[in-house]
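S.K.: Below are the sequence and a predicted model for it; my questions follow.
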2 protein chains.
Amino acid sequence: MDTRAPAAPERTVDIIARLQDRLERGRGAEIRLVESILADPQFAAHAPIAQIAERAGVSEPTITRLARGLGFPGTREMRFHLAQALAIGGAYLREPSVPAEELPLSAQVIAKVASGAHAALDLMSMGLADVDIEGMARQICRASQILVYGTGGGSSFAAVELQNRLFRLGLHVTAHTDPQLQRMSASVLEPKAVVIGFSVSGQAASVRDAVTIARQYGAKAIVVTTPNTPLAKAGDALLPLTFKEDGNLYKPSSTRYALLEAVDILAMATAQTIGPKVLESLRRVRHSLASQNIRNPDLPIGD
Amino acid sequence: MDTRAPAAPERTVDIIARLQDRLERGRGAEIRLVESILADPQFAAHAPIAQIAERAGVSEPTITRLARGLGFPGTREMRFHLAQALAIGGAYLREPSVPAEELPLSAQVIAKVASGAHAALDLMSMGLADVDIEGMARQICRASQILVYGTGGGSSFAAVELQNRLFRLGLHVTAHTDPQLQRMSASVLEPKAVVIGFSVSGQAASVRDAVTIARQYGAKAIVVTTPNTPLAKAGDALLPLTFKEDGNLYKPSSTRYALLEAVDILAMATAQTIGPKVLESLRRVRHSLASQNIRNPDLPIGD
DNA sequence: CAAATTTCTGTAAAAAAATTACATCATAGG
DNA sequence: CCTATGATGTAATTTTTTTACAGAAATTTG
C-alpha cells in the first residue's frame, strides 16, 4: 500500500487556485490532467473518472492521486469542491478563456474585481503558512500601547483599519499615517509598547524610520510588508505580504484585499488571545451604537 | 429495465425547491430520504450512497430512484447540483475541508478570515447580476461634482476608499463621514452633481437625509446598501449590498470585503467609461509618487 | 558518466459504489 | 375482501474507484 501521508492540504485556498499551483510544480501526467480539468471544469465535475482520464490522456489512478495530492480523501470530495467552485466563480474561472468582449461591461467589471480579490486573498493565505501569528497576537495584547504606521494609499488604509479593529478590543492603539507624526510618536513611546508597520512596497522611509526608532527605545516591532525589503529587515517579526499585481490599470489594486486580510488576521488572533473578556468591550461598542438607530443585532458592529 | 424516460428536469427551479416539493407529493421511503437530505445537504452532497441510505433508513436503490425522479440521469448528477445549490445558497462557502479543531490556532484564524472574506465576495457578486453598473458609471463620469457619504465603521471606510479611487481618475470627488457635513454639503451642491451614499444597515439617518436633500436640489443619488431599507428607497439607483454575518464575535466583520468590492466595481466601471484618458491621470499620480522612493512599476499606485 | 535511488505512472486486480432485476408488500379501488 | 397498481427492499450485476505492484523516467551520488 501507498503509505505516504497525503501532503498537508492548503486548506484555506480554493481548489482552482490549488490546481493552478500544481501546474507549476507538477510532473508530466499530472500536468496534462490538471490542464484538462481547468480547460473544462464543468466536465470534470460530473464525468466518471474513466472519461476524465481518457480526455487528459492519463490513467485513472492518476486522478485519485491528484485528489489525494490536493488533500482530499478521494475523487468524490474533489468533485464536490470543484462543483462548488464552479457554482460560485463561474466568472472568475479561467479569465482568458472567456472572450470577455461578449459579456456586458457590468459583468466584466464584476468578474475582474472579484477574481482579483479572490486571487489576492488566496495568495496571501498561502504565504502565511509558517508565520507565528499567535506570537504576534500575544505581543499585541501584552503591550502597554500600540502604534500602527502606514503611509500611502493601501498601507495607510490598513493602518487605520487595524486601529479601528484593535480599539474595539479595549486596547490602547493609535494609527499614524503622517510621516512626521510616525517618527515623532516612535520617539516618545512608553516602555513595553508595540509598533506595527505597514508598507506594501517595503520602501516607505518614514515607516522604516519609525520602526527603527521604536526598537531603539525597546519596543517590539511587527512589520507587515513584502519580504526582503528594507522594512522587512527593520522589524522584529514579519507578517509577509504576498501579492501580484495584474497590470489592469483600470482596476483598483487587489492588494488591498490582502492587506485587509492581514489586518483581520492580526485582529482576530489578538481577540482570541485576550479571550472572552473582549466580548464585554465589543458589547459596549455595540451598546453605544444601539442608542443610535441601529437595532438589528445581526448587523456588523458600527454599520 | 426501467424504461420510463426520465422526467424532463425542471432546470429553472433549483434542486432544493424540487426536493421540498417532493415532501408534499412523495411517499413513505422517499419522504424519509428527502427529509434526511434537506436536514444535512452537506452530507448528502459527498457521502457514499450507502451511508445516505442508512441515515435515512431507506434502501440504496431509493436514492437512485429519487435522482431519476428529479430528472437527473443518476446520483452523480444529483450530487453535483446539490453541491452547487449549497455553494450558491451560502450554506457552505469555501469552508476548510478539514475539521478546524485539528489545526493550530494560527491556521484556524487564517482559515476563518479567508473563508469569511471569500464568502462575502461571492455573495456580493451574485447579488450584482442584474444591476446597471454601466449606467451608474456613466452618471459618475458625467457629474460636475461627486459627493460620497458614509457613516460608521464599514460605511465610512468605503466612502473614503471610493474617494481615493475616484480622485485618481481626475474626478472632483469629496467624501464626508461626518453627519453634519453630509447634510450641509448636500444642500450646497452644484447642478449636475452626483451623490453616492453608503450604509450597510440602510438606517444611517444622516446619509439618508443627505441623499434626500441632494435629490431635492436635482442631483442624482446612487446608494450602496441593503435592499428594502430606508436608504435604499431614498436613492435613484441601488447597488445592492448582499451579506451574511456569521456571528463569530472575535472575527472582524467580513462585510468590509463586500464593501470594498462595491467600491472597486464602481471605480473600475467609471474608469473604463472614461476610457484611455484616465490613464494619463493615473500616470501623473504615479509620477508624483515616483519622485519619492518608489521605483518598482509593478507596485500598486501609492504603496 | 554510470550506478543507485527515488519518484512517476501505467496495468491489472481488488474493493467499493451504484444500478438493475426481480420479488414482496402495502394500499387504493372495485 | 380481493385485485391491481405502484412503492420498496433484497440480491445480483454492472460500473466506478481504489489499491498493489512493476516498469520507466528522472534525479542524485559515487
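M.R.: Received, thanks.

S.K.: Near DNA strand D, which residues of chain A? Just list them.
M.R.: When proximity is defined as CB under 7 Å from any atom of the strand, chain A approaches DNA strand D at A:1-2, A:28, A:48-50, A:60-61, A:63-64, A:67, A:74-76. From N, CA and C alone the C-beta is placed, and that goes for glycine too.

S.K.: Select from those residues every entry located in helices.
M.R.: Applying DSSP state H to those, the entries found in helices are A:28, A:49-50, A:60-61, A:63-64, A:67, A:75-76.

S.K.: Establish whether stretch A:275-288 and chain B are in contact.
M.R.: Yes - interface with chain B: stretch A:275-288 contributes A:278-279, A:282 (CB under 8 Å from any CB of the partner chain).

S.K.: Most neighbours out of those residues, which is it?
M.R.: The residue in the residues of stretch A:275-288 next to chain B with the most neighbours, by other CB atoms under 10 Å in any protein chain shown, is A:V278 (20 neighbours).

S.K.: Just to check, that residue is in contact with A:L169?
M.R.: Yes - under the criterion of CB atoms under 8 Å, A:V278 makes contact with A:L169 at 4.8 Å.

S.K.: shared neighbours of the two, which are they?
M.R.: Residues touching both A:V278 and A:L169 (CB atoms under 8 Å, 6 or more residues apart in numbering or on different chains): A:A271.

S.K.: So which residues on chain A come close to DNA strand C?
M.R.: Applying CB under 7 Å from any atom of the strand, one finds that chain A approaches DNA strand C through A:26-30, A:57-62, A:65.

S.K.: A:N228: how many residues sit nearby?
M.R.: A:N228 has 10 neighbours, counted by other CB under 10 Å.

S.K.: how about the nearest residue to it, chain neighbours excluded?
M.R.: Among residues not flanking A:N228 along the chain, A:G202 sits closest, at 7.9 Å (CB to CB, 6 or more residues apart in numbering or on different chains).

S.K.: are any of the residues of chain A next to DNA strand D buried, and which?
M.R.: Among those, those classed as buried by 16 or more other CB atoms under 10 Å in any protein chain shown are A:49, A:63-64, A:67, A:75-76.

S.K.: what helix or strand is the closest residue to A:E60 other than its chain neighbours on?
M.R.: Excluding the flanking residues, the one nearest A:E60 by CB to CB, 6+ apart is A:A53, at 4.6 Å. In this structure, A:A53 sits in helix A:49-56 according to DSSP states H and E.

S.K.: which strands and helices sit next to that helix?
M.R.: helix A:28-39, helix A:41-46, helix A:60-69 (3 or more CB pairs under 8 Å, 6 or more residues apart in numbering or on different chains; DSSP states H and E).

S.K.: Next, format those helices as TSV and append mean pLDDT.
M.R.: Below are the helices and strands packed on helix A:49-56 laid out as TSV (pLDDT from 0 to 100):
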stretch	mean pLDDT
helix A:28-39	85
helix A:41-46	86
helix A:60-69	89
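
S.K.: now those in CSV, with distance to A:S115?
M.R.: Below are the helices and strands packed on helix A:49-56 laid out as CSV (distance: least, CB to CB, whole Å):
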stretch, distance to A:S115
helix A:28-39, 14
helix A:41-46, 14
helix A:60-69, 23
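
S.K.: Of all those, which one is nearest B:H118?
M.R.: If you check each of the helices and strands packed on helix A:49-56 against B:H118 by CB to CB, helix A:41-46 wins as the nearest, at 17.3 Å.

S.K.: Show me the longest helix that occurs in chain A.
M.R.: Chain A, longest helix under DSSP H: helix A:105-126.

S.K.: so what does it touch, helix or strand wise?
M.R.: Here helix A:105-126 touches helix A:15-25, helix A:75-89, helix A:255-274, helix B:105-126, helix B:133-142, helix B:255-274, going by 3+ CB pairs under 8 Å, 6+ apart.

S.K.: any idea how far A:Q42 is from A:S185?
M.R.: Remark: distance between A:S185 and A:Q42 (CB to CB, to the nearest Å) = 55 Å.

S.K.: Count the residues that sit near A:R142.
M.R.: A:R142 has 12 nearby residues by other CB under 10 Å.

S.K.: wait, what's in contact with it?
M.R.: A:192, A:194.

S.K.: Give me the phi and psi for the spatially closest residue to A:G218 that is not a sequence neighbour.
M.R.: In space, and not counting its chain neighbours, A:G218 is closest to A:P191: 6.3 Å by CB to CB, 6+ apart. Backbone torsions for A:P191, taken as degrees, to the nearest 10, come to phi -70, psi 150.

S.K.: confidence score at A:P191?
M.R.: We note a pLDDT of 79 for A:P191 in this prediction.

S.K.: ditto for A:A214
M.R.: 93.

S.K.: thought it was touching A:A193?
M.R.: Yes - in this structure, A:A214 is within contact of A:A193 by CB under 8 Å, at 7.0 Å.

S.K.: any weak-confidence spans in the stretch 51-200 of chain A?
M.R.: A:88-103 (pLDDT under 70).

S.K.: mind running it again at 80?
M.R.: Applying pLDDT under 80 to the stretch 51-200 of chain A flags residues A:86-107, A:122, A:126, A:129, A:153, A:191.

S.K.: residue in it nearest to DNA strand C?
M.R.: A:S59 (3.5 Å; CB to the nearest atom of the strand).

S.K.: any idea how far that residue lies from B:T75?
M.R.: Noted for A:S59: a distance of 25 Å to B:T75, by CB to CB.

S.K.: for A:R22, same thing?
M.R.: Distance from A:R22 to B:T75, counting by CB to CB: 28 Å.

S.K.: Over to A:Y217?
M.R.: Remark: distance between A:Y217 and B:T75 (CB to CB) = 66 Å.

S.K.: With A:A175 instead?
M.R.: Counting by CB to CB, the gap from A:A175 to B:T75 is 55 Å.

S.K.: one step back: mind checking what secondary structure the residue nearest to A:N228 has?
M.R.: coil (DSSP: H, G, I helix; E, B strand; the rest coil).

S.K.: what do you get for A:A175?
M.R.: Of the three states, A:A175 takes strand under three-state DSSP.

S.K.: List the residues that contact the closest residue to it other than its chain neighbours.
M.R.: Distances taken as CB to CB, 6+ apart put A:Q163 closest to A:A175, at 3.7 Å, once the chain neighbours are dropped. By CB under 8 Å, 6+ apart, the contact set of A:Q163 is A:148, A:173-175.

S.K.: Sort out which of the residues you listed are buried, if you could.
M.R.: Buried by 16+ other CB under 10 Å: A:148, A:173, A:175, out of the contacts of A:Q163.

S.K.: which stretches of the stretch 201-303 of chain A form helices?
M.R.: Counting by DSSP state H, counting those that start in this stretch, residue ranges of the helices within the stretch 201-303 of chain A are A:205-216, A:230-234, A:255-274, A:277-290.

S.K.: what's the most buried one of these?
M.R.: Highest mean neighbour count among the helices of the stretch 201-303 of chain A (mean count of other CB atoms under 10 Å in any protein chain shown): helix A:255-274, with a mean of 25.

S.K.: For it, which helices and strands make contact with it?
M.R.: helix A:105-126, helix A:133-142, helix A:153-167, strand A:193-199, strand A:220-225, strand A:237-240, helix B:105-126, helix B:255-274.

S.K.: a markdown table for those, including distance to B:E134?
M.R.: Shown next, in a markdown table, are the helices and strands packed on helix A:255-274 (distance: least, CB to CB, whole Å):
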| stretch | distance to B:E134 |
| --- | --- |
| helix A:105-126 | 5 |
| helix A:133-142 | 42 |
| helix A:153-167 | 26 |
| strand A:193-199 | 35 |
| strand A:220-225 | 36 |
| strand A:237-240 | 38 |
| helix B:105-126 | 16 |
| helix B:255-274 | 6 |
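
S.K.: Which one of the residues in the stretch 201-303 of chain A is closest to DNA strand C?
M.R.: Residue nearest to DNA strand C within the stretch 201-303 of chain A (CB to the nearest atom of the strand): A:T242, separated by 24.0 Å.
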